[in-house]
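**Student:** When you get a sec, could you give me coordinates for this:
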Amino acid sequence: LTRERTVYDASGERSDPRHATVEIHGEGGLYIKELISGDDGRTEPSLSGLLGVDADVTALDVTAVEGEEEPFERPEFFR
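**Tutor:** Take a look at the predicted model:
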């Protein structure tokens, strides 16, 4: 099954020679871990494939969830 998802923006910063923090802003349904690791070749393109190295996600934090037209994190949604 082929699923296409959009990455709107990506940035990264190396912490040391083997670790980096990567921020991804993407479409709903985008599998971040697979985007980084390549999921054994099932996810193309991937960060691992583009860099030519093995890459694994060791921590994943969701920093925001927004809709296409309006922010999801509106105060009326939280009590």
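**Student:** can you tell me which strand in this protein is longest?
**Tutor:** Across the chain, the longest stretch assigned as strand under DSSP state E is strand 7-16.
**Student:** Name the residues of that strand that are buried.
**Tutor:** Residues of strand 7-16 include none that count as buried (16 or more other Cβ atoms under 10 Å). Every C-beta, even on glycine, is put in place using the N, C-alpha and C of the backbone.
**Student:** Check what contacts the helix or strand following that strand and list those residues.
**Tutor:** Remark: after strand 7-16, the chain's next helix or strand is strand 19-26, criterion DSSP states H and E. The contact list for strand 19-26, computed with Cβ atoms under 8 Å, 6 or more residues apart in numbering, reads 5-15, 30, 32, 35-36, 47, 58, 63.
**Student:** Now with 6 Å, please.
**Tutor:** 7-14, 32 (Cβ atoms under 6 Å, 6 or more residues apart in numbering).
**Student:** Look up how far Gly26 lies from Asp39.
**Tutor:** 15 Å (Cβ to Cβ, to the nearest Å).
**Student:** quick one on the thing from earlier: counting contacts, what elements does the longest strand of the chain pack onto?
**Tutor:** Secondary-structure packing of strand 7-16 (3 or more Cβ pairs under 6 Å, 6 or more residues apart in numbering; DSSP states H and E): strand 19-26.
**Student:** residues of the strand it packs on that come out buried?
**Tutor:** Ile24.
**Student:** Taking strand 7-16 as reference, get the angle to that strand.
**Tutor:** When axes from the mean of the first three to the mean of the last three Cα atoms, to 10 degrees is applied, the directions of strand 19-26 and strand 7-16 differ by 170 degrees.
**Student:** Can you name the next helix or strand after strand 19-26?
**Tutor:** helix 32-37.
**Student:** Show me where this structure dips below the pLDDT cut-off.
**Tutor:** Within the chain, the stretches with pLDDT under 70 are 68-74, 77-79.
**Student:** sorry, back to before: can you give the contact residues for the longest strand of the chain?
**Tutor:** Under the criterion Cβ under 6 Å, 6+ apart, residues 20-26 lie in contact with strand 7-16.
**Student:** ok, those residues vs Leu51, which is closest?
**Tutor:** Leu51 lies nearest to Ala20 out of the contacts of strand 7-16, by Cβ to Cβ, at 9.7 Å.
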